[in-house]
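*Asks:* any chance you could fold what I've pasted below:
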Amino acid sequence: MLTEPVVVSGTLRRAEDGRLIREIQRPRRETHTLYEDRVEITRPNGYSRSVNLKKAPELQALRYALSAILTGRIEQLREQFELIWSQQDSAWQIRMSPLDKDIAKALEALVLRGCSDRIEAIELQLSDSEMIRMNIRAPAME
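*Replies:* All right, here's what the predicted structure looks like:
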């Protein structure tokens, strides 16, 4: 177990073909590409690994949820998750609990937090009481 959170810096974007791409700059350069059925991990040294999303159901849920939200397919999101929305002023949160029993064995909930029209944090609350949190910030203007 880690005694402190691992801080990762990079970018997260959605490609036109629907892939979600997380490019990590620190602590080491690495790219995670979420396809419909797999995640590919690559590093500049030539390392490459592909994992079927059936072996990583929490990533399967993340890909589906973000894709549905970013393309405005909220009804499809409701088919896969129980949604709980809360808002205070311009700050909001949506908690998505998977309806699929196999995904729910690995993922208790996916939580998005934001302000106005921006997502500021994504949390994967895993069923084993672990949590993965991604804070999202706009790139610094130079």
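*Asks:* list the contacts of E79.
*Replies:* Contact analysis of E79 by C-beta atoms under 8 Å, 6 or more residues apart in numbering lists L99. Backbone N, C-alpha and C define where each C-beta goes, glycine included.
*Asks:* what about it, which SS state?
*Replies:* helix (DSSP: H, G, I helix; E, B strand; the rest coil).
*Asks:* list the buried residues in the longest helix that the chain contains.
*Replies:* With secondary structure taken from DSSP state H, the chain has its longest helix at helix 57-70. Buried residues in helix 57-70, defined by neighbour count with 16 or more other C-beta atoms under 10 Å: P57, E58, L59, Q60, A61, L62, R63, Y64, A65, L66, S67, A68.
*Asks:* of all those residues, which comes closest to A15?
*Replies:* For these, the minimum distance to A15 (C-beta to C-beta) is 10.8 Å, reached by S67.
*Asks:* which residues touch the longest helix of the chain?
*Replies:* 14, 18, 20, 34, 36, 39, 53-54, 73-74, 76-77, 80-81, 96, 98, 100, 102-103, 105-107, 110, 112, 122, 124, 126, 132.
*Asks:* gap between it and the chain center?
*Replies:* Centroid separation for helix 57-70 versus its chain: 7 Å, with C-alpha atoms, centre = their mean, to the nearest Å.
*Asks:* over to stretch 114-127?
*Replies:* Worked out by C-alpha atoms, centre = their mean, stretch 114-127 lies 8 Å from the chain centre.
*Asks:* alright, calling it a day.
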